[in-house]
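[1] one predicted model, sequence on top.
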Amino acid sequence: MSRARISNYRKGVAAIALSAVLAGGFVATGPIGALNDARADAVQVTPPPQAAGFADLVEKVRPAVVSVRVKKDVQQTADRGGGQFSGPQGFDQLPDDHPLKRFFRDFGMDPRGDARPDARPDRRGPGKRGPRPGHERPVAQGSGFFISEDGYVVTNNHVVSDGDAYSVVMDDGTELDAKLIGTDPRTDLAVLKVNDPKQKFTYVAFGDDNKIRVGDWVVAVGNPFGLGGTVTSGIVSARGRDIGAGPYDDFIQIDAAVNKGNSGGPAFNLSGQVIGINTAIFSPSGGSVGIAFAIPASTAKQVVDQLIKKGSVERGWIGVQIQPVTKDIAASLGLAEEKGALVASPQKDGPAAKAGIQSGDVITAVNGETVQDTRDLARKVAGVAPGEKAALTVWRKNKAEEISVTIEAMPGDMGKSANPSSDNGGGQNETL
């Protein structure tokens, strides 16, 4: 075959192949077609139904959540000796118009170089900067929420404890003055009241925290770092946490992001009910690490009801020093379980002593309800109204006895204690 014929033949074959490609490869036969038919289908995943978000819930509850602003009277602070300069020896002997004193006053500093907490910008001229006597300065901010249409607001005691004046900022930015109705340091709760007869406030209700389980969703709304209306979500991480805040510790642990300023804000279930009040966080850095603690709604409701009615909380008291029942103590006393509270000593002339409670008794139940530990006993006794009788089951000399005790009101100085626990020879003693 001549060179010309070979070239023409090759051109013809190439043209046929190109035509096959342009035609979609339908002329392919034999091994190539078989390979295409045997190729496996690409992986396909059927998307699940889109999970419902929290937008509808948030839209309804957020108007009931407020930012709480706390102010203090500067003149009262000055009268008590607060806000005064302190510095090197002889500093207080300098004349008031001395350049050094003017410098510290003008720049809101104390002589050690630290910013004074009462310093704030003022354009009233040289030597007149800082808060004016008789005026209020911000000292704290937190969160809260309405529980009634007539303006009762729940928050934390530690948010309002240092204040002389209070206000709440609504979701729409409106700021309204509020009055402090009452506080309860032992549970870190407080109630404010906004008086505005022309307005009915959106409010939320307490839910049954006993129905929530570890793993349930929670939604937190609050005012972290002054950012009002911030919403975060998470789950219930644990129940019954004791963080050393007081004898009534029974916190719900959640992993929703809670930061400074969230204190006093609500934690909602998916029905829009308040199941906890965000109160504390565990954080090595000061920011959220997913470990937050909320006061259970059942505890908060009892306290809040009393604060609204009486302005204070009255708790039951039996007058005993108690300590935990350890494994060794349980074995030595013949108890089958490490439950209850060991009576270290009954207080002289106290309700327990009058009823015949003795040192060495183990209180195992109150009105038929099992006592798990010392804090559980404290909560149960505190929940009995003063004047009522309570049936205490005690373990004494290897047998159970029932003793009727008339509950009295807890003395005022004990009621103000934030944490009455103390370390006593390796065992924790508490008074109740």
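    Okay, I see it.

[2] can you list the buried residues in the one helix or strand residue 143 maps to?
    Assigned by DSSP states H and E, residue 143 belongs to strand 136-146. Residues 136-137, 139-146 are the ones in strand 136-146 that count as buried (16 or more other CB atoms under 10 Å). In short, each C-beta sits where N, CA and C put it, glycine included.

[3] just after it, pick out the following helix or strand.
    Next element after strand 136-146 (DSSP H and E): strand 152-155.

[4] okay, that next one in CSV with CA atoms only?
    Output of strand 152-155 as CSV, limited to C-alpha atoms (Å, rounded to 0.1, in the frame of the first residue of the first chain):
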residue,chain,number,x,y,z
TYR,A,152,-42.8,40.9,88.8
VAL,A,153,-39.3,40.0,87.6
VAL,A,154,-37.1,37.1,88.9
THR,A,155,-33.3,37.4,89.0
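
[5] strands along the stretch 201-350 of the chain, start to end?
    For the stretch 201-350 of the chain, strands defined by DSSP state E, counting those that start in this stretch occupy the ranges 217-222, 230-241, 251-254, 266-268, 274-281, 292-296, 316-317, 320-324, 341-346.

[6] same deal with the stretch 51-200 of the chain?
    Under the criterion DSSP E, counting those that start in this stretch, the stretch 51-200 of the chain contains strands at 65-73, 136-146, 152-155, 165-169, 175-184, 189-193.

[7] mind putting the ones you listed into TSV with mean pLDDT?
    Listed next are the strands of the stretch 51-200 of the chain as TSV, based on pLDDT from 0 to 100:
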stretch	mean pLDDT
strand 65-73	93
strand 136-146	88
strand 152-155	98
strand 165-169	95
strand 175-184	96
strand 189-193	97
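
[8] so which of these is nearest residue 412?
    strand 175-184 (12.5 Å; CB to CB).

[9] how far out from the middle of the chain is that closest one?
    A distance of 19 Å separates the centroid of the chain from that of strand 175-184, by CA atoms, centre = their mean, to the nearest Å.

[10] low-confidence regions, this protein specifically.
    Counting by pLDDT under 70, the chain has low-confidence residues at 1-38, 50-51, 74-135, 413-432.

[11] that one: helices as residue ranges?
    3-22, 31-38, 55-61, 74-79, 99-106, 157-160, 297-310, 327-333, 351-355, 374-382, 412-415 (DSSP state H).

[12] one step back: and the strand holding residue 143, which strands flank it?
    According to DSSP bridges, strand 136-146 has the following sheet partners: strand 65-73 (antiparallel), strand 152-155 (antiparallel).
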